[in-house]
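> Here's a sequence, model it:
(one chain, ligands or ions: 2)
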Amino acid sequence: MKSVFNYCLDFIYPRSCQICDAPMLCHSNRHHCDECLNGFHTINESFCKVCGRPFHGNTIESAVCSECEAGKFSYRGARSLFLMRSLEREFIHQLKYKKGSYLKEDFLKLLRSNLSFYDYLEESTLIPVPLFRSSYKERGYNQSLLVCKWISEEISSCEVADVLIRTRKTQTQTKLNRSERIRNVKNAFAIVDNFVLDFDRKWIVFDDVFTTGATVGSCCDILQKYNNNNLYVATLGHG
Ligand SMILES: [Zn+2]
Ligand SMILES: [Zn+2]
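Ligands and ions are numbered 1, 2, ... in the order given. Below is the predicted model of the structure:
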């Protein structure tokens, strides 16, 4: 429920879409117009069963992409909600650097429009990729944990277990190649003492973006010691 104050605020200062600047309907809790959200490249079907990369054209479902064919992974599969293109990059930027808590309703619209991704998350324990404490202090929140909480509020069979910690400051992965990324985050995570996890559930390590899978892979390496049969990955974007 929006407060009277917010109604008045919307009336005096009508909001516009955070991406294209089109005027938004008053009294909506969303900040992106339908046209922009409908333009997101959501990944629904025909994707690599290991990394979640979408296939284009008539590729059979559940195949493995060339990059994953030779690899060994500590998780059984990864899925992403959407492919990273310009609209999606802007969305992730807002989530990470502009106090993204206002994006909840826009995120839920995207989530509800992708039923196969929605189903993938059902009955899982979501484990967010943590920030190092200095980054957390600077940002004030962990964007992956924030999204996990939104999901668990939407999907009642999902729960969140914030059980990982980042043990050292890692360089930003953006300018690193695949092997440098793996080295950068190797052994950078640990499990908190006295963690509580249900070993019968599907565990999903959750991050904002999957690029080479190095970060989520490093988290899964730690978790695999406890549960190696039911460990998965999910991210918002696939880079
Ligand atoms: Zn727009
Ligand atoms: Zn793949």
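> Any idea how far stretch 29-42 is from the middle of the chain?
Distance, stretch centre to chain centre, for stretch 29-42: 17 Å (C-alpha atoms, centre = their mean, to the nearest Å).
> ditto for stretch 206-222
With C-alpha atoms, centre = their mean, you get 10 Å for stretch 206-222.
> go on, stretch 168-187?
With C-alpha atoms, centre = their mean, you get 19 Å for stretch 168-187.
> Report the rounded mean pLDDT for it.
When pLDDT is averaged over stretch 168-187, the result is 85.
> For it, measure first residue to last.
9 Å (C-alpha to C-alpha, to the nearest Å).
> Pull the residues that contact that stretch.
For stretch 168-187, contacts defined as C-beta atoms under 8 Å, 6 or more residues apart in numbering pick out 132, 134-135, 167, 188, 211-212, 214-215, 217-218. All C-beta spots, glycine's among them, are computed from the backbone N, C-alpha and C.
> Among those, which pair sits farthest apart?
Across the contacts of stretch 168-187, the longest distance by C-beta to C-beta is 24.1 Å; it joins 134 and 212.
> Please say which of those two ends up with more neighbours.
residue 212 (18 against 10; other C-beta atoms under 10 Å).
> circling back to that earlier point, which of the contacts of stretch 168-187 ranks first by neighbour count?
residue 215 (26 neighbours).
> hang on, the earlier thing: so which of the contacts of stretch 168-187 belong to strands?
In strands, judged by DSSP state E, none of the contacts of stretch 168-187 are found.
> out of those, who's nearest residue 99?
So of the contacts of stretch 168-187, ranked by how close each gets to residue 99 (C-beta to C-beta), first place is residue 135, at 14.6 Å.
> Quick check: which of the contacts of stretch 168-187 are also close to ligand 2?
Among the contacts of stretch 168-187, no residue lies close to ligand 2 (C-beta under 5 Å from the ion).
> mind putting the residues you listed in CSV, distance to ligand 1 included?
Output for the contacts of stretch 168-187, formatted as CSV (distance: C-beta to the ion, whole Å):
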residue, distance to ligand 1
132, 34
134, 35
135, 30
167, 40
188, 37
211, 26
212, 30
214, 33
215, 30
217, 34
218, 36
